[in-house]
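I would like the atomic coordinates for the input below:
(chains A, B and C)
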Amino acid sequence: MEYAKGRIGRVFTVRIDYGDDLILELIKLAELEHIESAVFVLLGALKEAKFVVGPKENVTPPEPVWFGFDDAHEILGIGNIFLMDGKPKIHLHAGAGRGDNVKLGCLRGESEVFMVVEAFVFELEGFSARRIADEEQGFAPVVFEQVSDLK
Amino acid sequence: MEYAKGRIGRVFTVRIDYGDDLILELIKLAELEHIESAVFVLLGALKEAKFVVGPKENVTPPEPVWFGFDDAHEILGIGNIFLMDGKPKIHLHAGAGRGDNVKLGCLRGESEVFMVVEAFVFELEGFSARRIADEEQGFAPVVFEQVSDLK
Amino acid sequence: MEYAKGRIGRVFTVRIDYGDDLILELIKLAELEHIESAVFVLLGALKEAKFVVGPKENVTPPEPVWFGFDDAHEILGIGNIFLMDGKPKIHLHAGAGRGDNVKLGCLRGESEVFMVVEAFVFELEGFSARRIADEEQGFAPVVFEQVSDLK
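Here you go, the predicted model:
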């Protein structure tokens, strides 16, 4: 475990509309508002999405198992924003339900909002963090670069 | 995408007890404390609940598919509170699990707490928002009325 | 319903690494940083975990139904930290997905992180709370001891 101590800065209440691409809109928000570190929660619906739903084998680097859907699902999600190579990178886990069918995984790439997604983005201040690719592990862990001296 | 910039105000830690109706208690809290905009997360158990688990067809206005249960499920949820016609309106997505069985959708109407639900309500300040019904779309999107000049 | 009014204090951004035990690391954080009340959200993956997925019967005290897995699942979770008998106690509900398979329940006891879990811990200030065991109900509800006079 490693951690950084900070506080909440600005909070963005975001309405992402029908037909929008969820992750692209979150990146756009981060760029417009110069958000470097944030955690967010969201709820809404998606008509189309792709998820990684676990590794094929329990080894790193993992070979991802993909799952997608192309009819409307209700969703809830928890995610974060950190810079990677100077650009905002979204990490988002979501559950998606339609009728009896539920999926849960790491939402990546293209998606399409159905009706609306409501997201609440909490900017994190008082420390510096970024994602640095680790090819051996097969992902980009968050590395804390400095911690301000909050009491 | 539209968004408002704000900050967190008061935070309410709420214990909702056995037999209580989850959404009614959240509305009661909002009324007692004059909460106009908030995001919340919750965990606990429900003995009874009804969810919308997607639209029948991928069209708006959607014809909702309903799912309900009447035995105790573990839950987690993400939701928000905004005023609609001057009254607090709850929007809550939740996942519910019991044994092998998981459902995920938009929790609406009556429900009954089993044991306890613990909710954390983050009031949002620095902007004004409300839900305005849109009959064509079949729901009430959040509309941001003004944004204070946070830097 | 009972509730306390407070505000957010320190926020901890936590990277829990491969092989770590999720709940033990959260307890370690609470002890190191003297966190008495907090709510957290998390996302990541677990190779191994055990959940309570509902009571056998809809009665209290409940006889828990257990579910476990021992291959990597993607997860998202919502939880809290309160003191019980002077020590930090974690309450965590999580959903876990792998391929077609999703479970949702109360994550307890030993678990093992796969790749990484990213947790965001929001300390709660301005009130005092602790868990007090209630043998009749079969759990330890959060009891609010005092509420500071926030407006």
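
quick one, strands of chain A?
Counting by DSSP state E, chain A has strands at residues A:2-17, A:37-55, A:64-69, A:73-84, A:87-98, A:101-107, A:112-125, A:127-131, A:142-147.

so the longest one, near chain C or not?
So the one you mean is strand A:37-55. Yes: Strand A:37-55 lies within reach of chain C by C-beta under 8 Å from any C-beta of the partner chain, at A:Ser37, A:Val39, A:Val41, A:Phe51, A:Val52, A:Val53, A:Gly54, A:Pro55. For glycine as for every other residue, the C-beta is placed from the backbone atoms N, C-alpha and C.

tell me the buried residues within those residues.
Buried members of the residues of strand A:37-55 next to chain C, counted by 16 or more other C-beta atoms under 10 Å in any protein chain shown: A:Ser37, A:Val39, A:Val41, A:Phe51, A:Val52, A:Val53, A:Gly54, A:Pro55.

nearest to C:Pro141, of those?
Checking those against C:Pro141 with C-beta to C-beta, the nearest one is A:Val41 at 24.7 Å.

what about the closest residue to the closest one other than its chain neighbours, how many neighbours?
Among residues not flanking A:Val41 along the chain, B:Ile78 sits closest, at 4.8 Å (C-beta to C-beta, 6 or more residues apart in numbering or on different chains). Number of residues near B:Ile78 (other C-beta atoms under 10 Å in any protein chain shown) recorded here: 26.

who are the neighbours in contact with B:Ile78?
Counting by C-beta atoms under 8 Å, 6 or more residues apart in numbering or on different chains, B:Ile78 touches A:41-43, A:76-78, B:39-42, B:92-94, C:78.

mind putting those into JSON lines with distance to A:Tyr18 and pLDDT?
As requested, the contacts of B:Ile78 are exported to JSON lines (distance: C-beta to C-beta, whole Å; pLDDT from 0 to 100):
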{"residue": "A:Val41", "distance to A:Tyr18": "21", "pLDDT": "98"}
{"residue": "A:Leu42", "distance to A:Tyr18": "15", "pLDDT": "98"}
{"residue": "A:Leu43", "distance to A:Tyr18": "15", "pLDDT": "98"}
{"residue": "A:Leu76", "distance to A:Tyr18": "18", "pLDDT": "98"}
{"residue": "A:Gly77", "distance to A:Tyr18": "18", "pLDDT": "98"}
{"residue": "A:Ile78", "distance to A:Tyr18": "23", "pLDDT": "98"}
{"residue": "B:Val39", "distance to A:Tyr18": "21", "pLDDT": "98"}
{"residue": "B:Phe40", "distance to A:Tyr18": "25", "pLDDT": "98"}
{"residue": "B:Val41", "distance to A:Tyr18": "25", "pLDDT": "98"}
{"residue": "B:Leu42", "distance to A:Tyr18": "27", "pLDDT": "98"}
{"residue": "B:Leu92", "distance to A:Tyr18": "21", "pLDDT": "98"}
{"residue": "B:His93", "distance to A:Tyr18": "17", "pLDDT": "98"}
{"residue": "B:Ala94", "distance to A:Tyr18": "23", "pLDDT": "98"}
{"residue": "C:Ile78", "distance to A:Tyr18": "27", "pLDDT": "98"}
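
and A:Tyr101, how close does it get to A:Val113?
I think there's a mix-up here, since residue A:101 is Asn and not Tyr. 19 Å (C-beta to C-beta, to the nearest Å).

with A:Glu2 instead?
34 Å.

again, but for A:Lys5
Separation of A:Lys5 from A:Val113 (C-beta to C-beta): 35 Å.
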